[in-house]
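Enquirer: model this:
(one chain, ligands or ions: 2)
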Amino acid sequence: TTKIILDTDPGIDDAMAILFAEASPEIELVGLTTVYGNADIDISTRNALYLKQRFGFKCDVAQGASKPLKRQPVGASIAVHGENGFGDVKIKAPTISADPRPAHQYIIETVKASPGEITLVAVGPLTNLALALEQAPEITKLVKEVVIMGGAFGTHEHTGNVTPFAEANVYDDPHAADTVFTADWPVTVIGLDVTHEAFFSTDYIDTLRDTCGDVGEFVWDISRFYLDFYKSRMGVNGCFVHDSSAIAYVIDPSLFEVRGGPIRVVCDGPAEGMTLQKHNDTKHKADEWADWPAQNVAVKVNDQALLDLYLDTITSYSS
Ligand code: BDR
Ligand code: CA
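Expert: Ligands and ions are numbered 1, 2, ... in the order given. Have a look, this model is predicted:
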């Protein structure tokens, strides 16, 4: 099994990914670290604690950053995830509390306690990971792997989702993302290039509700608001598989095809938050790009196998 710390801004698709990680026998969910993003930090932490208590997770929860490193905060995605981050489904206030340490400190200490064993999976803005790197750069040698949901590399017709060029998690804190991508640790980026290629249809989510007990019902309930957003914005019956795709990569990397090369982020101007990779087919000889480590960008996904994996995993968890 792979031990993970999941850095997250729950968030509807974050909740789906958290439940996927908890349910998977291939993953040991050691900690949930929270970050602002889909909702503000108090709400995102409250939602992580709610999931832990309601579904009986053993993992720690540590609260992280409330704002980006440098840029002006973009603000919560209320139109996508609702005022309460869970599509405005009423939830009881959790009666458990978070670890006293801030998320970046929790990450540093947990990684140091199990050298070579922890995979960091981040499915929100990358501020906590950047703060951990800033405070303890030596963790680059101690983390097993870093898996990020974020970015848009334009390998298909898809480009950004918050601007024509930027994906939300990277756009929320481009400086943090650039720090994480250029650090000397093994990063795999699961961006819109692949998350827009996998689709949870409304029928699929109905099946989750009908066959996956309490977990399936919860996912169905919180996804009503999210699906309405997709319907009104894009005219589709379903939603893309963003955060759960990063978990799927941890469980079975063979579902994805990746491309190697250094990654940078545009940190200001009209293309703010745009991600770029100088992959091996890039014709231009650009020696300065040799300064940054080659990372992996996912360019293809076996979407049917991913959907089967999600359903099978949640089904066996709930039975
Ligand atoms: C990402 O942005 C958030 O709204 C989702 O939770 C996901 O992590 C997709 O761009
Ligand atoms: Ca997210």
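
Enquirer: can you check the pLDDT for the residue most central in space within the chain?
Expert: Nearest to the mean C-alpha position of the chain, by CA atoms, centre = their mean, lies V123 at 1.4 Å. Looking at V123, its pLDDT reads 98.

Enquirer: so what's it up against?
Expert: Counting by CB atoms under 8 Å, 6 or more residues apart in numbering, V123 makes contact with 6-9, 11, 13-14, 17, 148-150, 169, 242-243, 246. Just so you know, the C-beta spots here come from the backbone N, C-alpha and C atoms, and that holds for glycine as well.

Enquirer: I'd assumed L255 was in contact with A305.
Expert: Yes - taking contacts as CB atoms under 8 Å, A305 lies within contact range of L255: 5.5 Å.

Enquirer: distance-wise, check the closest residue in space to G87 that isn't next to it in sequence relative to N38.
Expert: In this structure, G87 finds its nearest non-sequential neighbour in F225, 3.0 Å apart by CB to CB, 6 or more residues apart in numbering. Per CB to CB, to the nearest Å, F225 is found 12 Å from N38.

Enquirer: coming back round to it: residues contacting the residue nearest to G87?
Expert: By CB under 8 Å, 6+ apart, the neighbours of F225 are 12, 81-82, 87-89.

Enquirer: equivalent analysis for L49, please.
Expert: By CB under 8 Å, 6+ apart, L49 lies in contact with 61, 94, 96-98.

Enquirer: among the residues you listed, name the buried ones.
Expert: 61, 94, 98 (16 or more other CB atoms under 10 Å).

Enquirer: so can I have TSV of the residues you listed showing distance to K52?
Expert: As requested, those are arranged in TSV below (distance: CB to CB, whole Å):
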residue	distance to K52
V61	6
P94	7
A98	9
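
Enquirer: mind listing which of those residues are in helices?
Expert: Nothing among these maps onto helices, per DSSP state H.

Enquirer: from the residues you listed, pick the one nearest ligand 1.
Expert: Relative to ligand 1, the closest of the buried ones among the contacts of L49 is V61; by CB to the nearest ligand atom it sits at 17.4 Å.

Enquirer: I'd like the next helix or strand past the helix or strand hosting I148.
Expert: Per DSSP states H and E: I148 is located in strand 145-149. Following strand 145-149 in sequence order, the next helix or strand is helix 168-172 (DSSP H and E).
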